[in-house]
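J.: missing the sequence, but the structure's below:
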Ligand SMILES: C[S@@+](CC[C@H](N)C(=O)[O-])C[C@H]1O[C@@H](n2cnc3c(N)ncnc32)[C@H](O)[C@@H]1O
């Protein structure tokens, strides 16, 4: 891969999914794309760039594979546990009243589904603590740009190594049934969540309005400008007083008026300003 080809690839990835690659990532990109070249029987990166820039079904498939190869899908159950404690103990009791028993949650950039299903487990525990009919209608939607990650999330099946990351063995039987190759989430947990491939750079209104958005550990890959644009559009689809959780190392730029910072009982999160 020449420096010029790498420059073109950097621009393409930024345009299509917002991911900003530094100059030092050239080696990583080359090794991650090597299998994609083989799979699509392409001889060089020049051929790959040419195909990606030509609108066709083949180039769409290729782009999906490139995105799968270039995204970092690291995730685990109840990652940043304080967020889930805040949700279950503080936010849900405030949000769910006799008048409001409907809840819409968006797990944006959900990777292979652990975040989305952790939210469903949280709801399950909230309902057990309160009343099974405390929430009448729950819709949890998990989205990610990676086609492969969404495929895994939809299956709701995980190997032991994956469920051991963040979940004590003693609670596994509460949420999973053992199957031949690992563990499958119980229907009462999985049926509350649905998944779709979605790029955060695209218009969000199609997803509807949300009470809660979890968008964690993805802004680190974007430029400040892209991050602000996404946050502004997220504010537009949050219901009044809706809340947003970001990853621990991610913050909302100080000059943005759309959100106010809440120092909660367990963690910091953001609430849409009136
Ligand atoms: C490190 S994972 C975070 C997963 C989960 N939110 C968590 O905190 O455990 C980042 C995810 O962001 C996704 N991603 C990257 N760019 C995206 C974009 N433009 N639109 C939607 N998802 C994107 C990646 O595919 C990846 O699965």
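T.: Yes, it's here. Being a predicted model, the structure only gives us computed values, none of them experimental.
J.: and the stretch 51-200 of the chain, which residues reach the ligand?
T.: 71-75, 79, 109-111, 115, 144-146, 149, 199-200 (Cβ under 6 Å from any ligand atom). From N, CA and C alone the C-beta is placed, and that goes for glycine too.
J.: of the residues you listed, which belong to strands?
T.: Secondary structure defined by DSSP state E assigns residue 144 of those to strands.
J.: what's the most distant pair in the residues of the stretch 51-200 of the chain next to the ligand?
T.: The span of those, defined through Cβ to Cβ, is set by 79 and 199 at 22.0 Å.
J.: comparing those two, which residue is more hemmed in?
T.: A count of neighbours by other Cβ atoms under 10 Å puts residue 79 above the other of residue 79 and residue 199, at 20 against 14.
J.: from what I can see the more buried one touches residue 115, true?
T.: Yes - proximity of residue 79 to residue 115 meets the contact threshold set by Cβ atoms under 8 Å, at 6.6 Å.
J.: what is in contact with these two at once?
T.: residue 216 (Cβ atoms under 8 Å, 6 or more residues apart in numbering).
J.: pLDDT weak spots in this protein?
T.: Applying pLDDT under 70 to the chain flags the ranges 98-99.
J.: kindly recompute the last result at 90.
T.: Along the chain, the parts satisfying pLDDT under 90 run over 1, 54-58, 94-102, 128-137, 180-181, 254, 274.
J.: can you tell me which residue is spatially central in it?
T.: residue 109 (1.8 Å; Cα atoms, centre = their mean).
J.: show me what contacts it?
T.: Taking Cβ under 8 Å, 6+ apart as the definition, contacts of residue 109 comprise 143, 144, 145, 200, 215, 216, 217, 218.
J.: setting aside sequence neighbours, what's the nearest residue to residue 205?
T.: residue 237 (6.4 Å; Cβ to Cβ, 6 or more residues apart in numbering).
J.: got the phi and psi for the one you found?
T.: For residue 237, the backbone dihedrals (degrees, to the nearest 10) come out as phi -100, psi 10.
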